[in-house]
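S.K.: Coordinates for the following, if possible.
(2 chains)
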There are 2 protein chains.
Amino acid sequence: MSLIASDTIGLDHGSGGRISHELTARLILPVFRNPVLETLHDGATLALGNERIAFSTDTYVVDPIVFPGGSIGDLAVNGTVNDLAMCGAVPKWLSVGLILEEGFPMADLERILSDMARAAITAGVTIVTGDTKVVPKGAADRIFINTAGIGSIPEHVHISPDRAKVGDRILLSGTIADHGVCVLANRQGMGFDVPIESDTAALNGLVQAMLDIDPDIHVLRDPTRGGLGTTLNEIAAQAAVGIRIEEEAIPIRPAVVGICELLGYDPLYLANEGKLVAVVSAASAERVLERMRNHPLGRQAACIGEVVEGHPGRVVLTTRIGGRRIVDMLSGEQLPRIC
Amino acid sequence: MSLIASDTIGLDHGSGGRISHELTARLILPVFRNPVLETLHDGATLALGNERIAFSTDTYVVDPIVFPGGSIGDLAVNGTVNDLAMCGAVPKWLSVGLILEEGFPMADLERILSDMARAAITAGVTIVTGDTKVVPKGAADRIFINTAGIGSIPEHVHISPDRAKVGDRILLSGTIADHGVCVLANRQGMGFDVPIESDTAALNGLVQAMLDIDPDIHVLRDPTRGGLGTTLNEIAAQAAVGIRIEEEAIPIRPAVVGICELLGYDPLYLANEGKLVAVVSAASAERVLERMRNHPLGRQAACIGEVVEGHPGRVVLTTRIGGRRIVDMLSGEQLPRIC
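M.R.: Numbering: from 1, shown residues only, chains lettered A, B, ... in the order given. Sure, this is the predicted structure:
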């Protein structure tokens, strides 16, 4: 008998939030049971001879396929590059699996592949193998892209989701919710005066700069689907620690706040595609933060909180007016095809 | 300006035949230009420290998703395992990217994931990382699966599509067109008296047994989309050699011949999912063939022809009645969603 309450797949199962986690925990992990998959990191860390490699995959189904700041092509390259970087790896090689709908315009395909090629060059990775499938009209919506990637983990780097320790500082590389708001606003065809661009970017250069300052960074995560709120909950749960964050310290564009209020979304749960969360020792936090701010992708980096002894597994936010509330995982919201 | 004649993607672009090759050669390779991708092998061969690895990906969109002999789950694991094995690699790790349509039955998902888990155990590989996306009803047809895989290439193995040499023998591991006929027959809802099962199987054990006999096998390929005819053309083109095959020597089930005649398909172009073509030196061909026949997946293995000096880049078939005809790449046929 299934441990999943629902008889069918719902949009929530792909949200990246609580319902996604239940699908993973109750169906996928029991079926594939193995310790590497169970680390539930952004990628797998594997030993090969004397080398350690990171291996990760993501499928992209974003709608619209082109949006201010990027396209499904940029996302597909940057997303897997970032998953490898979050393992502390130097991303090296990508595979590309395309699903195309019959009738998809060749010019659109060229544009998206060109975006992928440019993003790969920017990130310093090589697309080395691929596959293209075409399905009849109506069997898929235009284009879906899977990328998988391999990176090489330097000897001294040991990043793991369970290494967050009491006293560690939580660093965030920049403003939240830009990608989520950009995609939602453009999908709904609203004409906002203030253009919000997706933050899609490859973070491996920023990670390298941070590791140069502190090779012993404890945890790195990119808060994509499910947003910052869900990512912090995952860290708290996997390391069995409490996390305390300050609302006031979290960088966010005023226009994003405005649109979130208008649309009724909490920016803590909206996707980012060019931001990272780092958990670092208190001793090195200031120096790492300074280095982040000197990097083009970390100019607005901030220390947003710390790992605490109380409330293990929970994330508590101190609000602007001094209140405290528990930040849970994304639950029940439906934001399909955000990435 | 595009070098592709068509303005939109057609089903032929996913056939694995001539039109697929044109899309790859004229659009994808120029955009992603790099020497590893340009080898156009089943997977990429990469150097990592002192190790050599193979890296490959495939996306599965087969319809129906369950068929006699297997499911999209078996295919997705075996297909990538086989691509790695065709590089001479020992397959080790797989990633899985799922695209699910809203409303997909949970019981079907459990069945397909269980098929994947069982296939992985049989092949001796571990599923180490994955991703699940859900799209709204109508945006995809039930389930699509991408797998990517990493294998380790033993030091003495150097398999490459351009190593076919004049005088080499062409070995085929068993009957052709079983998978293609099985899927087509079941999709069209015909009730054939003679059940044809898909041949989906992991070939890495067979490859290992063959390499134990001859570590210097020149070329290995699995004739999937586009079938045996297309695969032999690819070998002939990449090694710039002629290939001569004997129709009578090609193993094929009588029921498959019958159904192909009925449906109007040439079995040379139908997909196989558990067969391989090996190009080996004349000196070791007999011993390799004998070893294949002693393996459960090679019982009907046969020497079907040889590499010849004449007609470089072309495949010539001697028919049962002694005629000769050129076997071209699959061209213009539409067999969507065969794998």
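S.K.: use CA for all of it now, contacts and neighbours both
M.R.: Will do.
S.K.: What strand or helix carries A:Lys130?
M.R.: Wrong residue type there; residue A:130 is Gly, not Lys. Per DSSP states H and E: A:Gly130 is located in strand A:126-135.
S.K.: quick check, distance from that strand to the centre of its chain.
M.R.: Average the C-alpha atoms of strand A:126-135, do the same for its chain, and the two points are 23 Å apart (CA atoms, centre = their mean, to the nearest Å).
S.K.: ok now do the residue of the stretch 151-300 of chain A at minimum distance from chain B, which residues does it touch?
M.R.: Closest approach between the stretch 151-300 of chain A and chain B, counting by CA to the nearest CA: A:Ser152, at 8.1 Å. Contacts for A:Ser152 (CA atoms under 8 Å, 6 or more residues apart in numbering or on different chains) come out as A:Glu51, A:Arg52, A:Ile53, A:Ala54, A:Ala89, A:Val90, A:Pro91, A:Lys92.
S.K.: Likewise for A:Ser56?
M.R.: So A:Ser56 contacts A:Asp42, A:Gly43, A:Ala44, A:Thr80, A:Asp83, A:Leu84, A:Ala148, A:Gly149, A:Ile150, B:Ser95, B:Thr129, B:Gly130 (CA under 8 Å, 6+ apart).
S.K.: beta partners for the last one?
M.R.: Right, B:Gly130. With DSSP bridges applied, B:Gly130 shows beta-bridge pairing to B:Val96.
S.K.: quick one on the thing from earlier: could you give me the average pLDDT of the following helix or strand past the strand holding A:Gly130?
M.R.: Per DSSP H and E, strand A:126-135 leads on to strand A:143-152 as the next helix or strand towards the C-terminus. Average pLDDT, strand A:143-152: 98.
S.K.: partners of strand A:143-152 in the sheet?
M.R.: By DSSP bridges, strand A:143-152 pairs with strand A:51-60 (antiparallel), strand A:90-101 (antiparallel).
S.K.: Any chance of a markdown table for those, columns mean pLDDT and distance to B:Met116?
M.R.: Formatted as a markdown table, these follow (pLDDT from 0 to 100; distance: least, CA to CA, whole Å):
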| stretch | mean pLDDT | distance to B:Met116 |
| --- | --- | --- |
| strand A:51-60 | 96 | 17 |
| strand A:90-101 | 97 | 19 |
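S.K.: now those strands in TSV, with distance to A:Arg221?
M.R.: Output for the strands paired with strand A:143-152, formatted as TSV (distance: least, CA to CA, whole Å):
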stretch	distance to A:Arg221
strand A:51-60	13
strand A:90-101	15
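S.K.: Which residue ranges make up the domains of chain A?
M.R.: A:41-152, A:161-327 (automatic domain parsing).
S.K.: among these, which is the most enclosed?
M.R.: domain A:41-152 (a mean of 23; mean count of other CA atoms under 10 Å in any protein chain shown).
S.K.: Might one say that A:Leu75 is in contact with A:Gly274?
M.R.: No: judged on CA atoms under 8 Å, A:Leu75 makes no contact with A:Gly274 at a distance of 9.4 Å.
S.K.: circling back to that earlier point, so what does the strand holding A:Gly130 touch, helix or strand wise?
M.R.: Contacts defined by 3 or more CA pairs under 8 Å, 6 or more residues apart in numbering or on different chains; DSSP states H and E place strand A:126-135 against strand A:90-101, helix A:106-123, helix B:35-38, strand B:51-60.
S.K.: What's the first helix or strand after the helix or strand of chain A with the lowest mean pLDDT?
M.R.: Here the helix or strand of chain A ranked lowest by mean pLDDT, DSSP states H and E is helix A:35-38, holding a mean of 86. For helix A:35-38, the succeeding helix or strand toward the C-terminus, using DSSP H and E, is strand A:44-48.
S.K.: just how off-centre is that following strand within its chain?
M.R.: Counting by CA atoms, centre = their mean, strand A:44-48 comes out at 21 Å from the chain centroid.
S.K.: hmm, who's touching it?
M.R.: Contacts of strand A:44-48 (CA under 8 Å, 6+ apart): A:Val36, A:Leu37, A:Arg52, A:Ile53, A:Ala54, A:Phe55, A:Ser56, A:Cys87, B:Glu51, B:Val128, B:Thr129.
S.K.: just the residues you listed now: which is nearest A:Arg293?
M.R.: Using CA to CA, A:Cys87 comes nearest to A:Arg293 of the contacts of strand A:44-48, at 21.4 Å.
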